[in-house]
Each structure stands twice: as C-alpha cells, then as structure tokens.
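can't give you the sequence, but here's the structure:
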C-alpha cells in the first residue's frame, strides 16, 4: 500500500461524484436503467476486445456474482437514486460503506474493527450529514431505499473482490464485470423503460462522459485499488463522492453552503485521512 495507490484510487469517487450533476443536467429524464446500460456495456466491450483474456472456468460463477454486485445491481440502484434525489443526498448512505465492510469482516472473519478506524468511519458519516444538511431535507423514499441498498451492494462487492481475487489482469477483470453487469441491466432497460428520445448534443456528451470516465477509466482504477489497498481503506475513499457532488452543486448550480454544512468538510476529510493512516499502521 503506497500513497500513490491511495491517490490514484481516490480519483474514482471524485469522478463518480459527478454522476449526479451529469444525470440531472445532461441526460434525458426518466431513463435510469438505460443510462446504466449505456454507461457500462460499451466500456466493458472495449476492454474485453482490447485485453482478450478469458476467465478461468473455475472463476465464472464468482465473476457473475461480482458483476451483479459491483455493476449490475449497483448501477441500477445508483441511477434510480441519482434520478430521484438531489445532488449529494444519494451519496450520503454511501458514506456507510466502511461501516458495512467492517461488519462483514467482523461477522465472516471474526476480526473486530480497530477503534481508530471505526471512530474515523463514524466521523465521516457525521461529517457527510452536516455537509448535506440532512435535517432540513425532504427525501424521496424510493430514492432513499435505492441509495441505502446501493451502499450495501457496493460494500459486499468490494469485500468479495478483495477476498476472492482473480487470475485475470485488472483491465480484463474490469471489462468482464462491466460487460456481464451491463448485460444483466439490458433487459430491464428494454422492458421497463421507453426508448431513447431524439438525443441532443448535451445528451450525447453526458452519456459519453459517463461511459469513458465514469466506467471505463474509473472502474479500471477502482479494481486496481481494490487489489492493492485494504477493503476498508477503499470504501472510506468513497466519502469523497458526496463531497464532490456538493461542491459541484454549489459551484455550477448555485446551491448554497452555509454554516454547519461548511464545517462538515473538515470531519469528512479527517475521516478519509485517519482510515488510510490506520490501515497502513495495521498492515505494518
């Protein structure tokens, strides 16, 4: 585990934090499954054609499950939340991913979390709550449920990806998961949503950004980080996603940040740093 690995992996939640503003401002309304398919399926196909690696026969079932958790289910829930919740609200429950991972490790491996890392994760959740001013928000319950389930699904995906490993190179592993996960989403897009309307230039730009940066580049860096960093360390970096979403909402959409919201930035960033530091010292 090195600072460069942490920094490179941290770029991913920053990119993912732009999903909410891109979805709300650039994509056609009411097509969450279609958006998810366009995001991941072409990116997976490109990576597989480029790397040309087949998974080992014994890994196929695990790869299917990882594709469902990391891509299929997560992307579906992500876009439902992104369409139904404003700005960084959908990312609030993503801040609970380190806590979910600690619970998994505790239950499955009988390893209790270190007090420092547990306290840092709780601090991050509190900071996100302040940053998003959750006490004064009205939440769409379907969007809220999607965001909560998305956090659990992603945490399980990170844990199992790290625990199982794979003989595939990172780019091949990324490509297969994007392709298989996108294939799982395709029937939902076809049978539950109307077809795409006539797309504007901004619509094309939004879909292209989500596919190239939000899937192809981001997931390649993400799975690289999952292989190299402790699971809780990777999950804690996800706190940067709602921070990015809120800052973009303030900068580009004129959404106000006041008082306690601004104070929420400090515990979030402190939490991210403390989890990384605690993970390094634990491994050492």
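Perfect, thanks for sending it. Just so we're clear, the structure is a prediction, and the values are computed from it rather than from any experiment.

pLDDT weak spots in this protein?
Applying pLDDT under 70 to the chain flags residues 1, 85-95, 131-139, 254-264, 279-284.

which one in it is furthest away from the centre?
residue 198 (29.1 Å; C-alpha atoms, centre = their mean).

how about that residue, secondary structure?
Put simply, residue 198 is coil when judged by DSSP: H, G, I helix; E, B strand; the rest coil.

how close does it sit to residue 24?
20 Å (C-beta to C-beta, to the nearest Å). C-beta here means a position set from N, CA and C on the backbone, and glycine is covered the same way.

neighbours around the closest residue to residue 98 other than its chain neighbours, how many?
In space, not counting the residues next to it along the chain, residue 98 is nearest to residue 121; the distance is 4.0 Å by C-beta to C-beta, 6 or more residues apart in numbering. The tally of other residues near residue 121 (other C-beta atoms under 10 Å) stands at 28.

so what's residue 121 up against?
98, 99, 102, 232, 236, 271, 275 (C-beta atoms under 8 Å, 6 or more residues apart in numbering).

apply 7 Å and report the result again.
98, 99, 102, 236, 271, 275 (C-beta atoms under 7 Å, 6 or more residues apart in numbering).

quick check: the farthest pair among these?
With C-beta to C-beta as the measure, no two of the contacts of residue 121 lie farther apart than 102 and 271, at 13.3 Å.

and residue 113, helix, strand or coil?
coil.

which residues touch the residue nearest to residue 22 when sequence neighbours are not counted?
With C-beta to C-beta, 6+ apart as the criterion, residue 22 has its nearest non-adjacent residue at 5.1 Å, and that residue is residue 206. Residue 206 sits next to 22, 26, 27 when contact means C-beta under 7 Å, 6+ apart.

could you look up the next helix or strand downstream of the helix or strand residue 206 falls within?
Using DSSP states H and E, residue 206 sits in helix 201-211. The helix or strand immediately downstream of helix 201-211 is helix 218-228, counting by DSSP H and E.

ok, for residue 73, nearest residue in space, not its chain neighbours?
Using C-beta to C-beta, 6+ apart and skipping the chain neighbours, the partner closest in space to residue 73 is residue 153 (4.8 Å).

following the helix or strand hosting that neighbour, which helix or strand shows up next?
Here residue 153, judged by DSSP H and E, is contained in helix 141-164. Counting by DSSP H and E, the next helix or strand C-terminal to helix 141-164 is helix 170-192.

ok, and what's touching that following helix?
By C-beta under 7 Å, 6+ apart, helix 170-192 touches 33-34, 36-37, 40-41, 43-45, 47-48, 51, 53, 55, 63-64, 66-68, 70-72, 75-76, 166, 168, 215, 219-220, 223-224, 227.

secondary structure added to the contacts of residue 121, as JSON lines?
Output for the contacts of residue 121, formatted as JSON lines (three-state DSSP):
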{"residue": "98", "secondary structure": "helix"}
{"residue": "99", "secondary structure": "helix"}
{"residue": "102", "secondary structure": "helix"}
{"residue": "236", "secondary structure": "helix"}
{"residue": "271", "secondary structure": "helix"}
{"residue": "275", "secondary structure": "helix"}
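
can you flag the buried ones in those?
Listed as buried from the contacts of residue 121 are 98, 99, 102, 236, 271, 275; burial here means 16 or more other C-beta atoms under 10 Å.

and of the residues you listed, the nearest to residue 12?
Distances from residue 12 to the buried ones among the contacts of residue 121, taken by C-beta to C-beta, are shortest for residue 236, at 12.5 Å.

residues in contact with that closest one?
Residues in contact with residue 236, defined by C-beta under 7 Å, 6+ apart, are 98, 121, 124, 271, 272, 275.

skipping adjacent residues, who's closest to it in space?
residue 275 (3.7 Å).

much appreciated, bye for now.
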